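Trainee: Sequence and predicted structure below; questions after.
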Amino acid sequence: MRFRNYNFDFIGKSKILIIISLVAIIAGIAGYFIQGGFNLGIDFLGGSLIEVEFTRDVDFAEVRSVMNDIGFGNAVLQRTESDRFIIRTTPIDEETKNEMLNSLNEKIGTTGPPLQDRNVAPGFGKQITRYAFMAVGIGIVGILIYIWIRFEFRFGAAAILALVHDVLVTLGVYAILSREINTSTIAAILTIIGYSINDTIVVFDRIRENTPKAGKLGYIRVVNDSINVTLSRSINTSLTTLIPIILLLILGTTALKDFALALTVGIVVGTYSSMFIASPIVVAWNNRFPKYKK
Amino acid sequence: MRNKKVHITIIAIFIAIISISLYYILKEPINLGLDLKGGTQIILKPTERGGEEVTTQSLDKAMLIIMDRIDKLGISEPLVTKDLSNNIVIQLPGVKDPDKAKEIIGKTAQLEFRLVTGTFISIKNQNWDTLKFDYEKGELVIDPDAEKVLLVDDINALVSGNLYEIDGELLSDPESEEMLLVKYSGKDNQETDVEGSSTGDGSESNVDINIDPEKVIGKIIYKPETRELLLVDYNDESETGEILVDSRNDAATLVGPVLLTGDKLAKVSAGYDTYGEIRVTLSFKDEGVEIFKEITSENIGRNLAIVLDEEIKSAPYIKVAITDGDAEITGIDSIEEAKNIELVLQTGALPVNLQIEESSTVGPTLGMDSLNKGLRAGIIGFILIIVFMLFYYKGLGIYSALGLIIYIIIFWGVMSGIDAALTLPGIAGIILTIGIAVDANVIIFERIKEEILKAKSPRIAIGYGFKNALRTIVDSNVTTLITAAALFRFGTGPIKGFAVTLSLGVVISMVISLLFTRSLIFLMSGISRINTPGFLGVRRRSGE
């Protein structure tokens, strides 16, 4: 693992790398339409969610048929353990819910009260959505301003484009897999934004440091060298961050897995974009509006 | 040598911090969020009541009343807060019966005493039936085939075959389609009605023939914002009565203005009377006793409705003037319900109406499961990271392993010390920060290796490595803190927990690597045997 000895031509290959990213984003958009939109959780749509534990292992088909029999054919089922199911329905009142739980207990057998029981009024989802957008928006603006102050505006703009890329790819994965999007996913996406920026800044910092050499070597070379010299750091940090997150993805409970999936995708994509999206944009910007020697 | 003293001082300070952290870890167990230890969270949205807007004062008062109710329910360690949109957020750890808590906490508990004017019945094929009131649509449910809708003064008398009077008839104004309550004049009215429609004189005169303005008692209007179906004066629309549902027979009942409210109550007690019937006894304060005496003495022979949250609970017949100021709610189905009424009336009426926006109950099993699985992933991840760092950075890896252990201790200590709640997303936050904590080390070590490759002596390389890495580490961590701040500002409960662990982790790990690890490496670099390029993970080859 001695990357330092290599000298990859990242900038020269940037066209191919950007095409790969575009393909990933387009695949996500296609997935969005094929799956009929995002699989939004009750946080956004409103509704009821109940997780029940059965006294024995049950398969999907059995729970589905029982749910159909007792008049909840529309419920969305998710198997979280061999004996546990999450049941998502439109908003239902206490009485209907208790009837459903009683029927499940009679027909299959449940261990007691539900493991979790959540109800969100349909209108409340709008508030949650609004705050999610505000959090993401304010986070992005804050980062842009900080990078602008510490670096140059072009770096800020490139970093924002890179993280928009990361968010789009991550959401694309959620669309393709039809994984549920809930408030935890939004928090994970914000974390990805933070992480991706963190990564991008390490590369930018090197470019900033090496820029005085641009007069001699040219800006393209400076950027390319900066990516190469930070390469082992980028990969090592991604690895050390990914190790526990992937473990969480394997060992965690459903809710933790939801979180870990977004983070895993985001960290991989974030590392990729810092090197292959953000930096080429800085170069392209300089080609267009030369400030340093190409 | 002066430098050496500074480094030793820094290490000493860290040893002190570690000791304090260990003390907190041992003294106070970490505070778990509801999603981990199990419990119920309820978010209530306040809406105006009786035309009065929701103010900070009314909201604060509502929160105090809610605290009082939770207290009376015997739930320990509740947390009642407001969120960004002024919703009331209630967190109840380990509640056995969340449905009951939900029902009681959000109950407005507005108690009113109002005289019963009468009950609506519809007549069809010589039979009568009471009318229902559809709260959602805000209208009375009238059978389209009904011959007429009448207001009778005493429904019990009608049922038992005693004397009753018909006080009015509900008619629809053919022109404006307004619901009007007019005086009932027996068959005459009916005949006029028939004549009117058969002559078909045109719409203008139709009104006059159908409904004599002299006889109009008032019109019925619905106020959707307060969900009130009111009887108002035909001309100036001032309120003269309200249609409520009688909880005992579901009948739409017309009552007069509010004469007395629950704030004049002194004592409420639920129990059984001498006949073994469930009842809630209401005693008034002096002021209330006076008013109650006045009401009962002036209205002997009428029924006084006891209205709780827009529903008639009972409507006792006033036989004599009541001077001692006791009233009773009877006809309650169960002693539990009586106890609930007692509790909400004791704590008083909420100044706002509350609507449940979100409720979530997590059982203790699921939370513990997440905690255990999260911890297991964290521990294995922690070990794998240390193995990786030792393998890749050799001797320097020892520093990062030490730094990571200290990070976990201080992080845990701070979480216990500031009493921050660890939530489920918070676990993910901790695991993420373990990775971030190593990042600072990675950046520094890479810089040191670079400097060594430039053929600098290890000691000087370490100095340059830290110096060059400082700016990178600060810049990259500040951006993470900016996103954490945005999450903290706009996130709800568990997400806030995530923002807290993330920012704590970033700050603590940054301080450890820039101060502790730095001083330790500098002090150790004085020992020449462990200070070779090989120990620092670099094999220098000739020509490099």
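Mentor: Yep, it's here. Residues are numbered from 1 along each chain as shown, chains lettered A, B, ... in the order given.
Trainee: if I pick the closest residue to chain A within the stretch 251-400 of chain B, what's in contact with it?
Mentor: Across the stretch 251-400 of chain B, no residue is closer to chain A than residue B:381, which sits at 2.7 Å (Cβ to the nearest Cβ). Any C-beta I mention is one placed from the backbone N, CA and C, and that applies to glycine too. Contact analysis of residue B:381 by Cβ atoms under 8 Å, 6 or more residues apart in numbering or on different chains lists A:243, A:244, A:245, A:247, A:248, B:431, B:434.
Trainee: Out of these, flag the one nearest to residue B:19.
Mentor: For the contacts of residue B:381, the minimum distance to residue B:19 (Cβ to Cβ) is 22.3 Å, reached by residue B:434.
Trainee: Where does the residue lying closest to the residue of the stretch 251-400 of chain B closest to chain A once chain neighbours are set aside fall, secondary structure wise?
Mentor: Closest residue to residue B:381 apart from its sequence neighbours, by Cβ to Cβ, 6 or more residues apart in numbering or on different chains: residue A:244 at 2.7 Å. Of the helices and strands defined by DSSP states H and E, residue A:244 is found in helix A:219-251.
Trainee: Would you indicate which residues of that helix are buried?
Mentor: Within helix A:219-251, the residues that qualify as buried are A:219-234, A:236-249, A:251, counting by 16 or more other Cβ atoms under 10 Å in any protein chain shown.
Trainee: What of stretch B:138-145?
Mentor: B:140, B:142.
Trainee: what's it in contact with?
Mentor: Counting by Cβ under 8 Å, 6+ apart, B:120, B:122, B:124, B:129, B:131-134, B:149, B:170, B:179, B:220, B:222, B:224, B:227, B:229, B:243, B:252 sit against stretch B:138-145.
Trainee: could you redo the last one with a cut-off of 6 Å?
Mentor: The contact list for stretch B:138-145 (Cβ atoms under 6 Å, 6 or more residues apart in numbering or on different chains) reads B:122, B:124, B:131, B:132, B:133, B:134, B:222, B:224, B:252.
Trainee: ditto for stretch A:24-44
Mentor: In contact with stretch A:24-44 (Cβ under 6 Å, 6+ apart) are residues A:49, A:120, A:125, A:128-129, A:168-169, A:172, A:175-176, A:178, A:180-183.
Trainee: what do you get if the cut-off is 7 Å, keeping everything else the same?
Mentor: A:48-49, A:88, A:118, A:120, A:125, A:128-129, A:168-169, A:171-176, A:178-183 (Cβ atoms under 7 Å, 6 or more residues apart in numbering or on different chains).
Trainee: From these, which land in strands?
Mentor: A:48, A:49, A:88, A:118, A:120, A:180, A:181 (DSSP state E).
Trainee: what's the neighbour count on the third one?
Mentor: What it means is residue A:88. 20 (other Cβ atoms under 10 Å in any protein chain shown).
Trainee: How about the fifth one?
Mentor: Counted with other Cβ under 10 Å, residues neighbouring residue A:120 total 24.
Trainee: where does it land on pLDDT?
Mentor: With respect to pLDDT, residue A:120 scores 89.
Trainee: any idea how far it lies from residue B:469?
Mentor: Per Cβ to Cβ, to the nearest Å, residue A:120 is found 46 Å from residue B:469.
Trainee: so what secondary structure elements neighbour the helix or strand containing residue A:199?
Mentor: Using DSSP H and E, residue A:199 maps to helix A:183-210. On a contact count with 3 or more Cβ pairs under 7 Å, 6 or more residues apart in numbering or on different chains; DSSP states H and E, helix A:183-210 meets helix A:124-150, helix A:153-177, helix A:219-251, helix A:254-273, helix B:424-453, helix B:458-490, helix B:493-511.
Trainee: I'd like to check the angle between the last one and helix B:424-453, please.
Mentor: Read that as helix B:493-511. 20 degrees (axes from the mean of the first three to the mean of the last three Cα atoms, to 10 degrees).
Trainee: Pull out the buried positions in helix B:493-511.
Mentor: For helix B:493-511, a neighbour-count test (16+ other Cβ under 10 Å) marks B:493-510 as buried.
Trainee: ok, and which of the residues you listed reach chain A?
Mentor: B:495, B:498, B:502 (Cβ under 7 Å from any Cβ of the partner chain).
Trainee: quick one: least confident of those residues?
Mentor: When these are compared, residue B:495 shows the smallest pLDDT, 75.
Trainee: Was I right to think it contacts residue A:185?
Mentor: No. With contacts counted by Cβ atoms under 7 Å, residue B:495 stays clear of residue A:185, the gap being 10.7 Å.
Trainee: circling back to that earlier point, check the gap between the residue nearest to residue B:381 and residue B:427 for me.
Mentor: Taking Cβ to Cβ, one finds residue A:244 at 11 Å from residue B:427.
Trainee: Okay, now the unreliable bits of the stretch 1-150 of chain A?
Mentor: A:1-6 (pLDDT under 70).
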